[in-house]
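Student: Structure for the following, please:
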Amino acid sequence: MQTSALPLGYVAPDFEVDSTVGVVQVRIAVRLRNHVLTQEFRDAMARLPASVVVVSARLDGRFRGLTASSLVSISVEPPLVLVGLERETMTRAAVLESKAFNVSVLTRSQEFIADRFAGRAPAADPGWSDVPHSLGSNGVPIIEGCSAWLECKLVQVHAAGDHDICVGEVEAAGKGAGDPLILWDRSFWTLR
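Tutor: Residues are numbered from 1 along each chain as shown. Next up, the predicted model:
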């Protein structure tokens, strides 16, 4: 799952007067405005169910991919989606350089693929040779057996904390079969 940090801001500490001692005491409970502690944010976001996708790209003849749960449909006319990509990933660099990416919406039976592209499962080959896939018309991988897929042209990029929001115009799409893979409370689920 990919998350973003929120901006930090401070509120002045509260003061209390203890009349029995006649001393002003400073309450050291510093409150933060517009900031949530990282673990609290992650815990809260873990309670938001999300579909699990693999975002793929191609750069210099090499395929890149990462697991994401931030895919959002934002427009029908024109067909647009957005996905948040962590700034330090090679997939994000490939998307920005090539101006193209594909999205494979995973099924429950593809949990291992989700773990692999999230870096939590071993890979015999660091490339794509052991991942069943075909190439879209843009030359970017689409994972075989996925429940849906999108071929996208990158049209906008917006900085957002430690991620970039990448907006893609969908140039081709298709649907497959299978129960969806859903991430909820740090575990994989499906709708049945």
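Student: how about the helices in this structure?
Tutor: Shown for the chain, the helices assigned by DSSP state H span residues 38-46, 90-98, 111-117.
Student: Need those helices in CSV (columns: mean neighbour count, distance to Cys166 and mean pLDDT).
Tutor: The C-beta positions use only the backbone N, C-alpha and C, and glycine is treated the same way. Output for the helices of the chain, formatted as CSV (neighbours: other C-beta atoms under 10 Å; distance: least, C-beta to C-beta, whole Å; pLDDT from 0 to 100):
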stretch, mean neighbour count, distance to Cys166, mean pLDDT
helix 38-46, 12, 19, 84
helix 90-98, 19, 6, 96
helix 111-117, 19, 16, 93
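Student: So which of the ones you listed is nearest Asp60?
Tutor: Relative to Asp60, the nearest member of these by C-beta to C-beta is helix 90-98, separated by 8.5 Å.
Student: mind exporting that closest one as CSV, just the C-alpha atoms?
Tutor: Output in CSV follows, covering the C-alpha atoms of helix 90-98 (Å, rounded to 0.1, in the frame of the first residue of the first chain):
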residue,chain,number,x,y,z
MET,A,90,12.0,2.9,-10.6
THR,A,91,8.4,2.4,-11.8
ARG,A,92,7.6,6.1,-11.2
ALA,A,93,10.7,7.1,-13.0
ALA,A,94,9.8,4.9,-16.0
VAL,A,95,6.2,6.3,-16.1
LEU,A,96,7.5,9.9,-16.1
GLU,A,97,10.1,9.2,-18.7
SER,A,98,8.0,7.1,-21.1
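Student: Is it possible to get TSV of the helices of the chain that adds distance to Val131?
Tutor: Formatted as TSV, the helices of the chain follow (distance: least, C-beta to C-beta, whole Å):
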stretch	distance to Val131
helix 38-46	27
helix 90-98	14
helix 111-117	7
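Student: how about those helices, which one is nearest Gly61?
Tutor: helix 90-98 (11.0 Å).
Student: now for that closest one, which elements pack on it?
Tutor: strand 53-59, strand 62-68, strand 80-86, strand 100-105, strand 148-160, strand 163-175 (3 or more C-beta pairs under 8 Å, 6 or more residues apart in numbering; DSSP states H and E).
Student: Turn the ones you listed into a markdown table, columns for mean pLDDT.
Tutor: Below are these laid out as a markdown table (pLDDT from 0 to 100):
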| stretch | mean pLDDT |
| --- | --- |
| strand 53-59 | 96 |
| strand 62-68 | 95 |
| strand 80-86 | 97 |
| strand 100-105 | 98 |
| strand 148-160 | 97 |
| strand 163-175 | 97 |
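Student: Of all those, which one is nearest Gly127?
Tutor: strand 62-68 (6.5 Å).
Student: Roughly how far does the nearest residue to His163 once chain neighbours are set aside sit from Ala159?
Tutor: In this structure, His163 finds its nearest non-sequential neighbour in Gly84, 4.4 Å apart by C-beta to C-beta, 6 or more residues apart in numbering. Distance, Gly84 to Ala159, by C-beta to C-beta, to the nearest Å: 11 Å.
Student: Since that was my last question, I'll sign off now.
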